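Asks: I would like the atomic coordinates for the input below:
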Amino acid sequence: MTTSKDTTYIQTFDFAGKSITLEDTEAMSDDEQDNFIEFKAGDKLPEIKVMDDSGDEPARGEWGNKLDFLFSCISVSVGLGNVWRFPYLCYKNGGGAFLIVYFIAMTFCGIPIFFQEVAMGQYLGSGGMTLVSQLCPILKGVGIATMTVVFFLDIYYCVIIAWTFFYLFSTFSSLPDLPWDTCDGWWNTEICFRPSDNMTSNDILLAGYKMHNVTKKGITTLVRHTATPVEEFWDHRVLQKNMGVEYGLGTVQWELLGCLFIAWVCVYLIIAKGLHSSGKIIWFTALFPYFVMFILLFRALTLPGAIDGLAYYVHVDWSKLLEGTTWIDGATQIFFAYSVGMGALPALGSYNKFHHDCFKDAIITCIVNTLTCLLAGVLVFSILGYMAHIQETTIHEVVNSGPGLVFLTYPDLVLSLPGSVLWATIFFVMLLVLGVDSEFCNVEALVTGIVDNWPDQLLKHRRKFTVALCALLFCLGIPLVTNGGIFMFQLMDFYSCSGMALLWVCFFQTVAIGWVFGAQRFCDCVEQMTGHKPNIFWYLCWKFFAPMVMFAVFVFYCISYTPVTYGHDYKYPKWAEWMGLCMSYSSMIWVPGYAIYYLLSQPGTLMQNLRDGFTPNIKRMQTLAKPPPLHVSESGVGLLRDNSEYEMGNLRRDDSFNI
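Replies: Now for the predicted structure:
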């Protein structure tokens with residue numbers, strides 16, 4: 001060893017073809033035979049640098065600065081779900097009543113789990129697939145289930161980006177007008193009706209449309225069946241959808257397929273060099289949507305009927321609080337909007353430096369996410385109030401469910417703006433940014449989770465693996481751009497990435513951290529990283545409140561289960577419903593399945609394997625290079641974790657952090 005003027009001890013050695021430098025302010029004693037480094041809470045960690053083959057970059061990427069991580073969390077948690085899912089669920093569950101449930105779930109479940117995932121990813125330096133397995137080996141199936149959920153999400157989420165590209169390109173196809181502002185297109189039908197601001201003129205035009213009997217809740221009424229140009233453009237031009245899955249998928253919508261290909265190319269180009277190269281991109285994708293939304297909000301609030309929409313938004317229907325679906329939808333929206341249980345948050349946290357204060361970032365991100373939902377709610381309900389005013393109907397009749405909401409309300413809004421082509425362009429660019437920033441973070445989470453689990457085979461070929469994975473996801477998304485693709489899309493959205501599957505993953509993950517690893521031990525880990533210990537509120541949430549809420553929601557979800565529908569009237573055939581349930585089970589089955597495999601495959605007795613399975617097994621990395629091995633705790637050196645030449649052992653209390 002050599003000593004610098006300021007008594008800094010430096011040790012440099014070759015490891016697997018890489019140059020590793022260890023700097024510390026104290027010399028190692030002669031009796032430290034294994035050279036294991038012990039760090040206490042609040043102490044500054046020695047700087048450990050792992051150089052790649054070029055000698056100028058870490059083997060595992062890290063953020064260029066602290067704000068890159070904050071904006072990445074905002075990007076992955078704020079997306080299209082805030083724009084269409086939150087307003088729809090709020091409308092469905094009584095407006096203000098849903099907001100009450102939403103804030104309760106956010107306080108006791110959403111924010112604590114969000115911080116928990118980010119902190120554990122930072123502490124262990126690992127993504128979602130390997131995180132739980134280190135804390136509770138028998139529950140490694142939770143990580144696999146997480147990656148399965150993200151795998152499904154990546155397939156259909158990119159289809160939304162493809163729809164956005166289609167609308168963006170279509171904006172310039174009928175200049176100086178917009179293609180969804182006419183009933184003269186080849187895709188329009190005889191029931192197409194284009195309303196205007198003149199109510200008298202609308203009444204005269206409506207008189208020429210046929211009346212039909214419509215039965216709802218046992219009451220039959222006589223109404224005129226019409227469709228706006230915006231609706232028909234969505235159904236018959238963009239989707240070109242058929243009558244249902246029982247009629248087959250039909251043919252590929254080639255224009256949408258081309259848009260899907262462009263979407264995946266964009267996603268890959270952003271993540272090609274890893275998250276550490278995407279920091280500046282994330283800044284733009286996180287901030288630009290707010291610029292556009294505030295401009296649209298100003299216009300929406302000045303529209304006739306907007307005040308009626310806002311009144312519907314904040315009105316509290318107290319009877320809704322007695323319905324289980326209100327609580328289920330509120331909790332589901334928290335999980336979906338915050339991206340918990342998706343593996344993305346631990347992956348993002350794993351790129352932080354060990355002593356980064358992720359607590360502040362987690363709180364800021366959750367507040368921004370919630371404010372974005374509320375802002376989107378004000379914007380959407382203002383538009384819905386205007387649409388109901390123009391069409392002389394109620395807000396309940398105007399709202400459409402699912403992803404179609406954003407492609408029906410906002411295009412209708414831009415028609416009322418001067419320079420509608422420009423506004424349409426700005427709006428769909430905003431949607432594009434909202435979709436892409438969440439998609440590439442989710443794909444990065446999937447790549448990171450898989451590579452972390454098989455570093456020997458994949459770490460050196462990460463870029464090639466990313467290309468292959470994106471190509472596979474693109475191919476699996478092709479059925480979703482066929483004539484029957486929208487029905488398959490709804491099945492995936494309902495069954496694969498929300499509801500039972502997501503609640504199942506989040507519950508066992510929280511149990512693994514709060515009960516097996518220990519909520520108190522986790523608090524100590526947070527103190528080691530940030531220098532301050534979480535208070536009793538966070539401990540109670542991680543230990544009791546969050547698991548209890550998720551368990552109650554999951555049980556009630558199963559009891560009150562109803563099959564998925566598309567829109568207001570289409571019901572899926574039984575075989576399609578079972579196919580959707582299989583999507584849910586394909587991720588859920590990994591948790592009990594791997595637990596059984598673990599008990600039967602380990603060399604000990606069943607009881608020994610059971611005890612070992614519930615014993616935290618945080619990886620300890622031990623170099624095999626010569627001179628004598630240098631043992632380094634993983635939680636202290638996240639950047640070294642992915643090197644395959646390390647031996648993985650048990651992290652013991654006497655040779656690691658004081659946890």
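Asks: run through the neighbouring helices and strands of the helix or strand encompassing residue 311.
Replies: With elements delineated by DSSP states H and E, residue 311 resides in helix 306-314, which encompasses its position. Based on contacts counted as 3 or more C-beta pairs under 8 Å, 6 or more residues apart in numbering; DSSP states H and E, the elements that helix 306-314 packs against are helix 86-92, helix 96-105, helix 358-391, helix 395-398. (Glycine included, C-beta is placed from N, CA and C.)
Asks: most tightly packed of those helices?
Replies: The highest mean neighbour count among these, using mean count of other C-beta atoms under 10 Å, belongs to helix 86-92: a mean of 23.
Asks: distance check, the residue lying closest to residue 405 once chain neighbours are set aside against residue 376.
Replies: The shortest distance from residue 405 to any non-neighbouring residue, by C-beta to C-beta, 6 or more residues apart in numbering, is to residue 84 (4.2 Å). Here the criterion is C-beta to C-beta, to the nearest Å. By it, residue 84 lies 8 Å from residue 376.
Asks: with residue 104 instead?
Replies: Applying C-beta to C-beta, the value for residue 104 to residue 376 is 20 Å.
Asks: in contact with residue 326, which residues?
Replies: The contact partners of residue 326, by C-beta atoms under 8 Å, 6 or more residues apart in numbering, come to 93, 94, 97, 98, 101, 320.
Asks: where along the stretch 51-200 of the chain do the helices fall?
Replies: Counting by DSSP state H, counting those that start in this stretch, the stretch 51-200 of the chain has helices at residues 66-77, 80, 86-92, 96-105, 111-124, 128-135, 140-170, 199-206.
Asks: for those, which one sits closest to residue 284?
Replies: Distance to residue 284, taken as C-beta to C-beta, is lowest for helix 66-77 among the helices of the stretch 51-200 of the chain, at 9.1 Å.
Asks: now that closest one: mean pLDDT?
Replies: Helix 66-77 shows a mean pLDDT of 67.
Asks: any idea which helix or strand comes after it?
Replies: Toward the C-terminus, helix 66-77 is succeeded by helix 80 as the next helix or strand (DSSP H and E).
Asks: helices or strands up against that following helix?
Replies: Using 3+ C-beta pairs under 8 Å, 6+ apart as the contact criterion, the elements in contact with helix 80 are helix 420-453.
Asks: can we see that at 10 Å?
Replies: Helices and strands touching helix 80, as assessed by 3 or more C-beta pairs under 10 Å, 6 or more residues apart in numbering; DSSP states H and E, comprise helix 140-170, helix 420-453.
Asks: pull out the buried positions in the first one.
Replies: Okay, so that is helix 140-170. Going by neighbour count (16 or more other C-beta atoms under 10 Å), the buried part of helix 140-170 is 140-168, 170.
Asks: ok, now stretch 563-580?
Replies: By neighbour count with 16+ other C-beta under 10 Å, stretch 563-580 contains the buried residues 564, 566, 572, 576, 577, 580.
Asks: I figured residue 363 hits residue 111, correct?
Replies: Yes. Under the criterion of C-beta atoms under 10 Å, residue 363 is in contact with residue 111, at a separation of 7.0 Å.
Asks: in the stretch 551-659 of the chain, where is pLDDT below threshold?
Replies: Scanning the stretch 551-659 of the chain with the threshold set as pLDDT under 70 gives 568, 619-659.
Asks: going along the chain, name the strands of it.
Replies: Across the stretch 551-659 of the chain, reading from the start of the chain, the strands by DSSP state E, counting those that start in this stretch fall at 565-566, 570-571, 620-622, 631-633, 647-649.
Asks: turn the helices and strands packed on helix 80 into CSV, including mean pLDDT and distance to residue 504.
Replies: Supplementary listing: the helices and strands packed on helix 80 in CSV, determined by pLDDT from 0 to 100; distance: least, C-beta to C-beta, whole Å:
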stretch, mean pLDDT, distance to residue 504
helix 140-170, 92, 7
helix 420-453, 84, 17
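Asks: got TSV for those helices, with distance to residue 536 too?
Replies: What follows is these, written out as TSV (distance: least, C-beta to C-beta, whole Å):
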stretch	distance to residue 536
helix 140-170	27
helix 420-453	31
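Asks: among those, which comes closest to residue 271?
Replies: helix 420-453 (4.9 Å).
Asks: got JSON lines for the helices of the stretch 51-200 of the chain, with distance to residue 311 too?
Replies: Rendered in JSON lines, the data for these read as follows (distance: least, C-beta to C-beta, whole Å):
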{"stretch": "helix 66-77", "distance to residue 311": "29"}
{"stretch": "helix 80", "distance to residue 311": "26"}
{"stretch": "helix 86-92", "distance to residue 311": "12"}
{"stretch": "helix 96-105", "distance to residue 311": "10"}
{"stretch": "helix 111-124", "distance to residue 311": "29"}
{"stretch": "helix 128-135", "distance to residue 311": "42"}
{"stretch": "helix 140-170", "distance to residue 311": "30"}
{"stretch": "helix 199-206", "distance to residue 311": "21"}
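Asks: of all the ones you listed, which one comes closest to residue 381?
Replies: When the helices of the stretch 51-200 of the chain are ranked by distance to residue 381, counting by C-beta to C-beta, first place goes to helix 86-92 at 6.4 Å.
Asks: averaged pLDDT, that closest one. What do you get?
Replies: Model confidence over helix 86-92, given as mean pLDDT, is 80.
Asks: from residue 379, how far out is the residue nearest to residue 405?
Replies: According to C-beta to C-beta, residue 84 and residue 379 sit 11 Å apart.
Asks: which residues are in contact with each of these two?
Replies: Shared contacts of residue 84 and residue 379 (C-beta atoms under 10 Å, 6 or more residues apart in numbering): 409, 410.
Asks: endpoints of stretch 316-334, how far apart?
Replies: Using C-alpha to C-alpha, to the nearest Å, the end-to-end distance of stretch 316-334 comes to 20 Å.
Asks: any buried residues in that stretch, and which?
Replies: The neighbour-count criterion (16+ other C-beta under 10 Å) identifies 320, 321, 326, 327, 328, 329, 330, 331, 332, 333, 334 as the buried residues of stretch 316-334.
Asks: about what we covered before: which among the helices and strands packed on helix 80 is found nearest to residue 509?
Replies: For residue 509, the closest of these is helix 140-170, at 5.3 Å, according to C-beta to C-beta.
Asks: tell me the angle of the closest one relative to helix 128-135?
Replies: 160 degrees (axes from the mean of the first three to the mean of the last three C-alpha atoms, to 10 degrees).
Asks: from residue 375, how far out is residue 90?
Replies: Taking C-beta to C-beta as the measure, residue 90 falls 13 Å from residue 375.
Asks: for residue 228, same thing?
Replies: Counting by C-beta to C-beta, the gap from residue 228 to residue 375 is 26 Å.
Asks: can you tell me the closest non-neighbouring residue to residue 406?
Replies: Distance criterion C-beta to C-beta, 6+ apart; nearest residue to residue 406, sequence neighbours excluded, is residue 84 at 4.2 Å.
Asks: I'm done for today, thanks for sticking with me.
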